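Asks: any chance you can model this:
(chains A and B)
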Amino acid sequence: MNQHVTATIDNTDDADARAQDVVRLVELKRRFGPTAALDGISLTVRKGEILGIIGRSGAGKSTLIRCLNGLERPDTGDVFIEGREISRLSERELQPLRRRIGMIFQHFNLLSAKTVEDNVALPLKIEGLPKAERLRRAAELLELVGLSEKAKAYPVSLSGGQKQRVGIARALAGRPALLLSDEATSALDPETTRSILALLKDINRQLGLTILLITHEMEVIRSIADRVAVIDAGRIVEEGPVWSVFADPQSNITKRLLGTIRPQLPDELAARLRPLAGAQTMLRVDVAGEAARGPLLSDLAKTVPGAFRLVHGGIDHIQREPVGTLFLSIPGGDAGHLAEVIAFLESRQARVEVLGHVADPV
Amino acid sequence: MSPILFELLLRSIWETVLMTAASGLISLVFGLPLGLALIATERGGIAENLWVNRVLGAVINGFRSVPFIILLVALIPVTRLIVGTSIGTWAAIVPLSITATPYYARIAEVSLREVDHGLIEAARAMGGNRWTIIREVLVPEALPGIVAGFTVTLVTLVGASAMAGAIGAGGLGDLAIRYGYQRFETSVMVAVVVVLIVLVCGIQWVGDRLVARLDRRG
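Replies: Okay, here's the model as predicted:
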């Protein structure tokens, strides 16, 4: 466990905060034969937030999300939904409760034999609403997801992104308190993924809907989640606000999952790095918050005389917080100069790592 | 062909159509719920009950393993109980239905099993109960297969009904044996074969058209 987790535990000690929790999981455990899919998961989802759960495949994400609406039952532990423990309810008792929880799926799971509007209206049919009212509500929802003109179409004629929009409309039909998203964008291309994520974010803002999503793509977490929990081998290894986890990942799993979206030293340069001192010293500088907001590099140039070169990197904005990684190349030969540069950067709350040295100027 | 033979042919066609349609309908009414019961009670089904599943499976296999011509005779007491007689077209409908029902149940089972499990999960996640899953998911999604399977069952019944002549049920098969074969009326034999081909093609054509209209899976 690490600093992000401690922060959350402090918050949940607060009784007011607990009343706001839409979901509270306590020490969930679930085994499938010899493997533990969930190995003591405790987690809260607060009202109105988007919590992203990320992990590699087989980490236990799917089992976890299915425990929240009783599709899967934990062996031990409690699942509180809006304050009510549900993991030991009967199937019949779960049914009305599931209508308060919408769910969207990786493969959309639309009924091929029903039109788009009938798919969207199905949860309302299950609820027992009269037909006219069902169709009126379905029309509203299709407008919300921008698919009004497809009401009478069958799912087979829709693109993947359109299918997921229908899935979202259907999940919202029962005016849920919580939306579960099970890898909802994993089967979509990057552009469609962005539009679906934007739609989810809109819905989260407009309706104040609490969303719990599971994914194996950090990009999804980056673009819409408020908080992230990293799960591995059935345990939460890291948890915290997205920008803070991105700025300072603690666990190796998180670092690996972040690998693809954090700037990395180009391979060609990385191959030339040597442990021995050379013409240039390569630094990795991770910045977040204040360090990234100020004129860090121009201050460095003013404060520490001598040349340096920005080789690679950039600043990203996550939850409106600047988070970034810069790769600086400092002329070698003068250990004192290097120490000064590092000292300055660290005084500005940047995290500095000496990656190695390059013999020739880059 | 003499007018008398022609009239016999018409009557036989009617008898075959009646036997096929009636026993087909009965096998649909009982076979589809049986297929649903097999799917629902199997491991991981919506009403898992392995004991019931095994018993159902064994009974179905039992009926399916008895050749129809034997079933036809063996079921005479049951037929007498239900219809009041063991001879004639109506009497043949009982063994035909009893042989077609487990046959159709297995075909329906296969179609129902092909329904994506994710759809059942989605219906459960919406708060649907078992009945909802059957009515809104399993049957509508499997409908093309259910209809295609029913077509196969009807064609099988046309063939099986030919044997029903053994208990005096009449029909095209009976006509072909008694007139075409035993009395060397080649024209009757040819006519029966032609009618059977037309009948089977007709059933298949209607079935295929229906399936094409129902199938929205693309």
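
Asks: quick one: A:Ala247 and A:Leu258, what's the gap?
Replies: In this structure, A:Ala247 lies at 10 Å from A:Leu258, with Cβ to Cβ, to the nearest Å as the measure. From N, CA and C alone the C-beta is placed, and that goes for glycine too.

Asks: quick one: which of the two has more around it?
Replies: More crowded of A:Ala247 and A:Leu258, by other Cβ atoms under 10 Å in any protein chain shown: A:Ala247, with 24 against 17.

Asks: ranges for the helices of the stretch 101-250 of chain A?
Replies: Listed in chain order, the helices of the stretch 101-250 of chain A (DSSP state H, counting those that start in this stretch) span residues A:116-127, A:131-144, A:160-172, A:190-207, A:218-224, A:242-247.

Asks: again with chain B
Replies: With DSSP state H as the criterion, chain B has helices at B:3-41, B:50-65, B:68-74, B:76-83, B:89-113, B:117-125, B:130-132, B:139-161, B:172-175, B:186-214.

Asks: so which of the ones you listed is nearest A:Thr193?
Replies: A:Thr193 lies closest, by Cβ to Cβ, to one member of the helices of chain B: helix B:117-125, at 19.6 Å.

Asks: which strands and helices sit next to the closest one?
Replies: Here helix B:117-125 is seen to pack against strand A:101-105 when contacts are counted using 3 or more Cβ pairs under 8 Å, 6 or more residues apart in numbering or on different chains; DSSP states H and E.

Asks: average pLDDT for the strand it packs on?
Replies: Confidence over strand A:101-105, taken as the mean pLDDT, stands at 96.

Asks: what angle sits between that strand and helix A:160-172?
Replies: Relative orientation of strand A:101-105 versus helix A:160-172 (axes from the mean of the first three to the mean of the last three Cα atoms, to 10 degrees): 160 degrees.

Asks: partner residues bridging A:Ile54?
Replies: Using DSSP bridges, the bridge partners assigned to A:Ile54 are A:Thr215, A:Val230.

Asks: isn't it up against A:Ile236?
Replies: No. Applying Cβ atoms under 8 Å, one finds A:Ile54 not in contact with A:Ile236, separated by 10.6 Å.

Asks: the two: who's more crowded?
Replies: It is A:Ile54, of A:Ile54 and A:Ile236, that has more neighbours when counted by other Cβ under 10 Å, with 26 against 23.

Asks: about what we covered before: so which of the helices of chain B is the most surrounded?
Replies: Mean neighbour counts were taken over these using mean count of other Cβ atoms under 10 Å in any protein chain shown, and the top value, a mean of 26, falls to helix B:172-175.

Asks: residues touching residue 103, list them.
Replies: Using chain A. Contacts of A:Met103 were listed using Cβ atoms under 8 Å, 6 or more residues apart in numbering or on different chains, and they are A:69, A:171, A:179-182, B:122, B:125-126.

Asks: wrong chain, I was asking about chain B
Replies: By Cβ under 8 Å, 6+ apart, the contact list for B:Tyr103 reads B:27, B:31, B:64, B:153, B:156.

Asks: ok, so of the residues you listed, who is nearest chain A?
Replies: B:Gly31 (20.4 Å; Cβ to the nearest Cβ).

Asks: how near is the closest one to A:Cys67?
Replies: In this view, B:Gly31 and A:Cys67 are 38 Å apart by Cβ to Cβ.

Asks: and for A:Arg227?
Replies: Looking at A:Arg227 against A:Cys67, where the rule is Cβ to Cβ, the gap reads 19 Å.

Asks: near chain A, which residues of chain B?
Replies: B:116, B:118-119, B:121-129, B:132, B:136-137, B:140-141, B:143, B:214, B:216-218 (Cβ under 8 Å from any Cβ of the partner chain).

Asks: try it again at 10 Å.
Replies: B:46, B:115-130, B:132, B:135-137, B:139-144, B:214-218 (Cβ under 10 Å from any Cβ of the partner chain).

Asks: what's the closest non-adjacent residue to residue 45?
Replies: As the question left the chain open, I've gone with chain A. Distances taken as Cβ to Cβ, 6 or more residues apart in numbering or on different chains put A:Val23 closest to A:Val45, at 3.9 Å, once the chain neighbours are dropped.

Asks: right idea, wrong chain: chain B
Replies: In space, and not counting its chain neighbours, B:Gly45 is closest to B:Ile39: 5.8 Å by Cβ to Cβ, 6+ apart.

Asks: same question, B:Tyr181
Replies: Leaving out its chain neighbours, the residue that sits closest to B:Tyr181 by Cβ to Cβ, 6+ apart is B:Met189, at 6.9 Å.

Asks: and the one you found, how far from B:Ala166?
Replies: Per Cβ to Cβ, B:Met189 is found 18 Å from B:Ala166.

Asks: doesn't A:Leu310 fall inside a strand?
Replies: Yes. Per DSSP: H, G, I helix; E, B strand; the rest coil, A:Leu310 lies within a strand segment.

Asks: nearest to chain A: which residue in chain B?
Replies: Among all residues of chain B, B:Gly218 sits closest to chain A, at 3.4 Å; criterion: Cβ to the nearest Cβ.

Asks: what's the closest non-adjacent residue to that residue?
Replies: Using Cβ to Cβ, 6+ apart, the closest residue to B:Gly218 is A:Val156 (3.4 Å).

Asks: number of residues surrounding the residue of the stretch 201-350 of chain A found nearest chain B?
Replies: Among the residues of the stretch 201-350 of chain A, A:Leu212 lies nearest to chain B; the distance is 13.3 Å by Cβ to the nearest Cβ. Per other Cβ under 10 Å, the neighbour tally for A:Leu212 reads 25.

Asks: pLDDT wise, what is it at?
Replies: For A:Leu212, the model assigns a pLDDT of 97.

Asks: which ones are touching it?
Replies: Contact criterion Cβ atoms under 10 Å, 6 or more residues apart in numbering or on different chains gives A:22-23, A:43, A:45, A:49-53, A:64-65, A:68, A:101, A:103, A:178-182, A:225, A:229 as the residues in contact with A:Leu212.

Asks: isn't A:Met278 up against A:Ile330?
Replies: Met isn't right for residue A:278; it's Gly. No. Look at A:Gly278 against A:Ile330 with Cβ atoms under 10 Å: they stay out of range, at 11.2 Å.
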